[in-house]
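Engineer: fold the stuff below for me.
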Amino acid sequence: MESPMEASSDDEQAPSPVCRSRRAHEAAMVGPHLFVFGGYCLLGDHEHDFEFQRNAVYAFDTVRKAWHLHRAETESRSPPPACTGASTIAVGRVIYSFGGLEVVLSSYYSRQFSNSVFALNVDTMTWRRCEDRGGRRIAGRDKCAVCLIDAGRVLMFGGWSARIDADVLEAGAQWVPDSNDVVGWNNESYVFDTESETWSSLDASGPRPSPRAAHSLVKIDASRIVLFGGREREQRLNDIHILNLDAMCWSGKIVQPADPTILWPSPRSLHTMNSVSYGPHVGCVLLGGMGVDGNCCDDFAWHLNLNEMEWTKIPWCSDEFKRTWHKTCTFSSGPGYFEFYVFGGSPDNIWKPHSEDLGGPAFTSFGVKSLYLSAMEAACKYEDRIRSDLKFLPLKIKQEFGIRLSGFKMQDHRTN
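Structural biologist: Numbering: from 1, shown residues only. Below you'll find the predicted structure:
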């Protein structure tokens, strides 16, 4: 079966209009393609005028700089329901979607916490519900955080959920209620095996991070996973917890030092973190988030050097990166060079009527670009001057140049 990513430009996968701006959506990077689905879009002036989106899967080709719309099929008669606040991760060429708030009867006011896991194969563009073959009961939740432990296992931590009864709550975990004692936050830590499609508890020692939701969880290298921030009750957090995968041990809470000269991000939730390591900078990029006042954080772009436990503000990120309830993805197009994409979210207090939604993707990069890629970009920029010499290029390089040139022209057209 032909992969949708290889479909020709004159079939049903032809470039579509730009993916609509949205929030509370899902996104994942597979190779140079950014996949976006789910969440909701503002349609009018009323705060609840929006439509939920999930079965329409958009793919942004970061080389051609073009969107494609895919109508994903399903292996059963039950396609994934419309959903917000799910957590997503790519494992190979399959995107896994965990939990979320599922829409019932197509109504904003009729939603339920999901404990489902859905898998999207991006080569066949088909959805499949993963049935838990181990029979483990997991409470439904949204705004949990997921990351890879290794090639086939996904760690899920925390989330926002309805009451979790003692016979369902993971041993050693807590469920903390909100003021109405109906919904709340948890610090369950489960591992999903993508091969056996079974859940198990994370077998780790050390002090478990406190209950929270809308936090971030990212694998930095082969031996470390970092958890940062989130919300518990009315408190937004900016603590760090490190899971050592070699010792399978949590570090305990690492908090902002009392020394005011030491830089540290303000407390936040609904932010993103991505592993970005280049040169001596081994760590991750923190972007956006909702601050303690409910507005988007003014200090919205940071890099954490994990070896030195040192935060640095990223000066070149413009205000278009200032947002919350967005998604960020990275793609390494060369050793030590990362392309960084952000899509969706809002620059405003998301609970205010008439709050704005942002599209994208906005783009920046980290590290040093390879000489080959730099030469490609220069050739695209000055193509009119070197056009007569292109026939001397090797066929493979000429084909790649043609693809990159189309993307350069598309981007240049949009900026002008």
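Engineer: which residues does residue 237 bridge with?
Structural biologist: Following DSSP bridges, residue 237 is listed with bridge partners residue 230, residue 268.
Engineer: tell me if I'm right that it and residue 216 touch.
Structural biologist: No: between residue 237 and residue 216 there is no contact under Cβ atoms under 8 Å: 10.7 Å. All C-beta atoms are positioned from the backbone trio N, CA, C, and that covers glycine.
Engineer: what's the overlap in contacts for these two?
Structural biologist: Residues within reach of residue 237 and of residue 216 at once, by Cβ atoms under 8 Å, 6 or more residues apart in numbering, are 229-230.
Engineer: run through this protein and note the low-pLDDT ranges.
Structural biologist: Applying pLDDT under 70 to the chain flags residues 1-17, 43-54, 77-79, 105-110, 353-354, 410-416.
Engineer: pull the longest helix from it.
Structural biologist: Ranked by residue count under DSSP state H, the longest helix found in the chain is helix 395-415.
Engineer: what helices or strands is that one leaning on?
Structural biologist: For helix 395-415, the elements it packs on are strand 66-71, helix 371-381, judged by 3 or more Cβ pairs under 8 Å, 6 or more residues apart in numbering; DSSP states H and E.
Engineer: not counting its neighbours along the chain, what's nearest residue 281?
Structural biologist: residue 305 (5.4 Å; Cβ to Cβ, 6 or more residues apart in numbering).
Engineer: who's that neighbour bridged to?
Structural biologist: Counting by DSSP bridges, residue 305 forms beta bridges with residue 283, residue 310.
Engineer: residues contacting it?
Structural biologist: 280-283, 311-312.
Engineer: return the closest of those with respect to residue 294.
Structural biologist: Using Cβ to Cβ, residue 311 comes nearest to residue 294 of the contacts of residue 305, at 23.1 Å.
Engineer: thinking that closest one is in contact with residue 304, fair?
Structural biologist: Yes: if you go by Cβ under 8 Å, residue 311 and residue 304 touch, sitting 5.6 Å apart.
Engineer: more neighbours: which of these two?
Structural biologist: Per other Cβ atoms under 10 Å, whichever of residue 311 and residue 304 has more neighbours is residue 304, with 25 against 19.
Engineer: ok, and the closest non-adjacent residue to that one?
Structural biologist: The shortest distance from residue 304 to any non-neighbouring residue, by Cβ to Cβ, 6+ apart, is to residue 283 (4.3 Å).
Engineer: check residue 250 too.
Structural biologist: Closest to residue 250 by Cβ to Cβ, 6+ apart is residue 206, at 3.5 Å.
Engineer: what is the burial count for that neighbour?
Structural biologist: Residues near residue 206, counting by other Cβ under 10 Å, number 15.
Engineer: contacting residues around it?
Structural biologist: By Cβ under 8 Å, 6+ apart, residue 206 lies in contact with 249-252.
Engineer: again, but for residue 130
Structural biologist: Residue 130 neighbours (Cβ under 8 Å, 6+ apart): 96, 116-119, 197.
Engineer: please parse the protein into its domains.
Structural biologist: 4-372, 373-416 (automatic domain parsing).
Engineer: quick one: residues contacting the residue positioned nearest the centre of the chain.
Structural biologist: In the chain, the centroid-proximal residue (Cα atoms, centre = their mean) is residue 327; its distance is 4.4 Å. Going by Cβ under 8 Å, 6+ apart, residue 327 touches 25-27, 36, 272, 342-345.
Engineer: next one: residue 267
Structural biologist: 229, 235-238, 291-292.
Engineer: returning to that earlier point: which of the contacts of residue 327 count as buried?
Structural biologist: Buried members of the contacts of residue 327, scored by 16 or more other Cβ atoms under 10 Å, are 25-27, 36, 272, 342-345.
Engineer: those strands in the stretch 201-350 of the chain, which residues are they?
Structural biologist: Taking DSSP state E, counting those that start in this stretch as the test, the strands found in the stretch 201-350 of the chain are 216-221, 224-232, 235-244, 249-250, 272-275, 283-287, 301-305, 310-313, 327-334, 337-343.
Engineer: of those, which approaches residue 181 most closely?
Structural biologist: For the strands of the stretch 201-350 of the chain, proximity to residue 181 was assessed by Cβ to Cβ; strand 224-232 is nearest, at 15.1 Å.
Engineer: before we move on, the earlier item: deepest of the helices and strands packed on helix 395-415, which one?
Structural biologist: Mean neighbours per residue, mean count of other Cβ atoms under 10 Å, is largest over the helices and strands packed on helix 395-415 for strand 66-71, with a mean of 17.
Engineer: walk me through which strands the following helix or strand past that one pairs with, and which way each runs.
Structural biologist: Using DSSP states H and E, the helix or strand that follows strand 66-71 in sequence is strand 73-74. In the sheet, strand 73-74 lines up against strand 126-129 (parallel) (DSSP bridges).
Engineer: now do the buried residues in the strand it pairs with.
Structural biologist: 127-128.
Engineer: following element in sequence after that strand, please.
Structural biologist: strand 145-150.
Engineer: what's the spacing between that following strand and its chain's center?
Structural biologist: Distance, stretch centre to chain centre, for strand 145-150: 12 Å (Cα atoms, centre = their mean, to the nearest Å).
Engineer: taking strand 224-232 as reference, get the angle to it.
Structural biologist: Strand 145-150 and strand 224-232 are oriented at 170 degrees to each other (axes from the mean of the first three to the mean of the last three Cα atoms, to 10 degrees).
Engineer: test my guess that residue 347 contacts residue 296.
Structural biologist: Yes: under the criterion of Cβ under 8 Å, residue 347 makes contact with residue 296 at 5.5 Å.
Engineer: give me the common contacts of those two.
Structural biologist: Jointly contacting residue 347 and residue 296 under the rule Cβ under 8 Å, 6+ apart are 322-324.
Engineer: scan those and report the most crowded one.
Structural biologist: Neighbour count (other Cβ under 10 Å) singles out residue 323 as the most crowded of those, with 33 neighbours.
Engineer: ok, it to residue 35 distance?
Structural biologist: For residue 323, the distance to residue 35 (Cβ to Cβ, to the nearest Å) stands at 19 Å.
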